[in-house]
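Novice: What follows is a predicted protein model with its sequence.
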Amino acid sequence: MTRDNFFGRENYLALLTKRINDLKDGYRQNIAIIGDELVGKTSIIFKLLDSYYDSKIIILYIETRIESPGSFAKRFIGILLFNFMVNSGERLKEDLDFLIQKSSKYIPRAVEKIKAILEAVEKRKKNYIFIDLFSLPEIIYQESGKRCVVILDEFLQLESIGIKNLYREWSKLLMVQKNTLYIITSSRKFKTKAILSKNLSLLFGNFELVTIEPFDIKESCGYLQERLKDANLNAGLKNFMVHFTGGHPFYLEIISNAVLQSEQCELADILEKLLFLSTGILNQRFSSYLKLFLDAPHGNDYISIMHQVANGHNRIKDIAHILHKTQKELLSKTNHLLELDVLARSGDFLKINDRVFGFWLRFVYHEKIHSLTFDSKNQKAIFRDRIESMIQEFLKNSNISFKDRLTELLRLFEDDIIQIEKKKLRLSHFREIKPLSFNSQSIKEGLIGRSRDSLWILAFKNDTWTEEDITTFSRECKKYRHKLQRKIIISLHDLDANTRLRALDEKILMWNVDSLNQILDLFSKPRVIPSFLEQKASL
């Protein structure tokens, strides 16, 4: 999302603000923010920069990029000094020599250190530049009492500067810098987690990991309600946009803009222009991204794996069978795609991280490269049919009862393992699935599934679960004597802390709408968008 079109994300802003305020009180907790590209990490940082001010806090925002050590050093110093002087009453210029001169009367020791760093830069001595640069905030604190917040956007680009033993040297500083808070961001989730767990796992100064997720259903519906309040688009199609984009802010914004610019508001037309036409912004984006693999060794193998996963063949054993390869042959290439965050793993299942890219792979790229006629008009017609079929399938499923949707999903389980809310779960293959009625005023509906070695008892309700509901559900489950019993409640609302604790005590799994949709995704089924959530978001 753009800087001027910020929506939601108050929870992330509140966390960052709290950590900065904690720094003022002498408690420092570094933060690593990870999330998919364009999910809104930088937007959150910009909102923080726009909204936070404290004369005793210096905030440095540095967009890391491929550059020389000298260029990085000058940028770092310039941003540091400018933000140090910003409330000095001096009339400032974005000129390094000017900033050094003006700062010298306030922080002479820091300026002396800066001059030594710049002299080393001129002599192309780079090995100690990083540690000297990152020592400056502590020197400034000693001289001025001002603490520093150093924000490194896409921090992995620091590796390209060519600093020897980058993380080892940085970790030494992190251990002792009590008055400098680091906030780092990265779109490379897999690699960042590895670095944090191996290179920057410290006794003191460790990083709190914050994952920026796409909008949840309520946020997505609220965003579309606000953005498209003047557009002639019905609620069903807005819900389809939530399902199609997975709540990714970038795609919601792109498609919303196209809807607002369209006279007819024909969603199929809009997606055709964005995804199929060579001039479409998303078609160009995905084509450029895929070219990175086409130009790499074994590129076709990587693309074949991606296409199979996008097409719903998302278990290694299925992909191996279709591509006529052994699972061992596929493993290294699959792991590479996981490391690049193209794929994500949930137990035995793989999924494309980017839902819209997965759709493009399936319905645009694959059709074009396998076309025998090179007839773009025919390809366009096929694409259009598939878009419209996909929309109609979603709308049709939206009218099916929640109980029937859940029953259909349970019938697809084949003893595979998934990971949901950081817990592994085997999806038992059921020999019997039946509706279940509870002897309760508040819990009306549920399902019971019997497999060869386990019994699943599921309950769901439209309104909020309470502690009393949990107690009632647990009591009902005790009527069944099966030793391996899986108790699950599905909540369409957030649970309060006491209700969650009660459910944990009773060993009850809690699934919300997002949890359920994660499982539906793995089986290529349309997501559930509860209509009352959309209505509440529009209030």
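Specialist: Structure received.

Novice: What residue in the chain is the furthest from its centre?
Specialist: Relative to the C-alpha centroid of the chain, counting by CA atoms, centre = their mean, Lys105 is the outermost residue, at 45.0 Å.

Novice: Show the backbone phi and psi for it.
Specialist: phi -80, psi -20 (degrees, to the nearest 10).

Novice: Next, Met510: secondary structure please.
Specialist: Assigned by DSSP: H, G, I helix; E, B strand; the rest coil, the conformation of Met510 is strand.

Novice: How about the contacts made by Ile519?
Specialist: Leu409, Ile418, Ile420, Leu427 (CB atoms under 8 Å, 6 or more residues apart in numbering). In short, each C-beta sits where N, CA and C put it, glycine included.

Novice: Pick the one among the residues you listed closest to Ile151.
Specialist: Checking those against Ile151 with CB to CB, the nearest one is Ile420 at 32.5 Å.

Novice: now that closest one, which residues is it bridged with?
Specialist: Taking DSSP bridges as the rule, Ile420 bridges to Lys423.

Novice: didn't it look like it was pressed against Ser515?
Specialist: Yes: judged on CB atoms under 8 Å, Ile420 makes contact with Ser515 at a distance of 5.5 Å.

Novice: Secondary structure of Thr185: a helix, I assume?
Specialist: No: Thr185: not assigned to a helix; according to three-state DSSP it is strand.

Novice: Check the burial of it by counting its neighbours.
Specialist: When counting by other CB atoms under 10 Å, one arrives at 24 neighbours for Thr185.

Novice: from memory it sits against Leu48, does it?
Specialist: No: at 11.5 Å, Thr185 and Leu48 do not qualify as touching, with contact defined as CB under 8 Å.

Novice: Any idea how far apart the tips of stretch 256-273 sit?
Specialist: Stretch 256-273 has an end-to-end distance of 13 Å (criterion: CA to CA, to the nearest Å).

Novice: Let me see the mean pLDDT of that stretch.
Specialist: Here stretch 256-273 scores 93 as its mean pLDDT.

Novice: now do stretch 235-250
Specialist: 96.

Novice: Might you quantify the distance of it from its chain's geometric centre?
Specialist: Distance of stretch 235-250 from its chain centroid, counting by CA atoms, centre = their mean, to the nearest Å, is 16 Å.

Novice: who's in contact with it?
Specialist: With contacts defined as CB under 8 Å, 6+ apart, stretch 235-250 is touched by 1, 7, 36, 38-40, 43, 213-217, 219-221, 223-225, 228, 251-252, 255-256, 267, 271, 354-356, 359, 390-391, 394-395, 398, 526-527, 529, 531, 534.

Novice: Alpha carbons of the biggest helix by length in the chain, as PDB, please.
Specialist: Identified as the longest helix of the chain according to DSSP state H is helix 376-398. Provided in PDB are the C-alpha atoms of helix 376-398 (Å, rounded to 0.1, in the frame of the first residue of the first chain):
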ATOM      1  CA  SER A 376      -4.300 -14.900 -28.600                       C
ATOM      2  CA  LYS A 377      -8.000 -14.300 -29.200                       C
ATOM      3  CA  ASN A 378      -8.700 -18.000 -28.400                       C
ATOM      4  CA  GLN A 379      -6.500 -17.900 -25.300                       C
ATOM      5  CA  LYS A 380      -8.200 -14.700 -24.100                       C
ATOM      6  CA  ALA A 381     -11.600 -16.400 -24.500                       C
ATOM      7  CA  ILE A 382     -10.400 -19.400 -22.500                       C
ATOM      8  CA  PHE A 383      -9.000 -17.200 -19.800                       C
ATOM      9  CA  ARG A 384     -12.200 -15.200 -19.600                       C
ATOM     10  CA  ASP A 385     -14.300 -18.400 -19.300                       C
ATOM     11  CA  ARG A 386     -12.100 -19.600 -16.400                       C
ATOM     12  CA  ILE A 387     -12.300 -16.300 -14.600                       C
ATOM     13  CA  GLU A 388     -16.000 -16.200 -14.800                       C
ATOM     14  CA  SER A 389     -16.200 -19.900 -13.800                       C
ATOM     15  CA  MET A 390     -14.100 -19.200 -10.800                       C
ATOM     16  CA  ILE A 391     -16.300 -16.200  -9.800                       C
ATOM     17  CA  GLN A 392     -19.400 -18.300 -10.200                       C
ATOM     18  CA  GLU A 393     -18.000 -21.200  -8.200                       C
ATOM     19  CA  PHE A 394     -17.100 -18.800  -5.300                       C
ATOM     20  CA  LEU A 395     -20.600 -17.300  -5.400                       C
ATOM     21  CA  LYS A 396     -22.200 -20.700  -5.500                       C
ATOM     22  CA  ASN A 397     -20.200 -21.900  -2.500                       C
ATOM     23  CA  SER A 398     -21.100 -18.700  -0.600                       C
END
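
Novice: about what we covered before: okay, and which of the contacts of Ile519 map to strands?
Specialist: Members of the contacts of Ile519 lying in strands (criterion: DSSP state E): Ile418, Ile420, Leu427.

Novice: The last one pairs with what?
Specialist: This points to Leu427. Asp416.

Novice: residues near it, how many?
Specialist: Neighbours of Leu427 under the rule other CB under 10 Å: 23.

Novice: Isn't it up against Asp415?
Specialist: Yes: between Leu427 and Asp415 there is a contact under CB under 8 Å: 6.7 Å.
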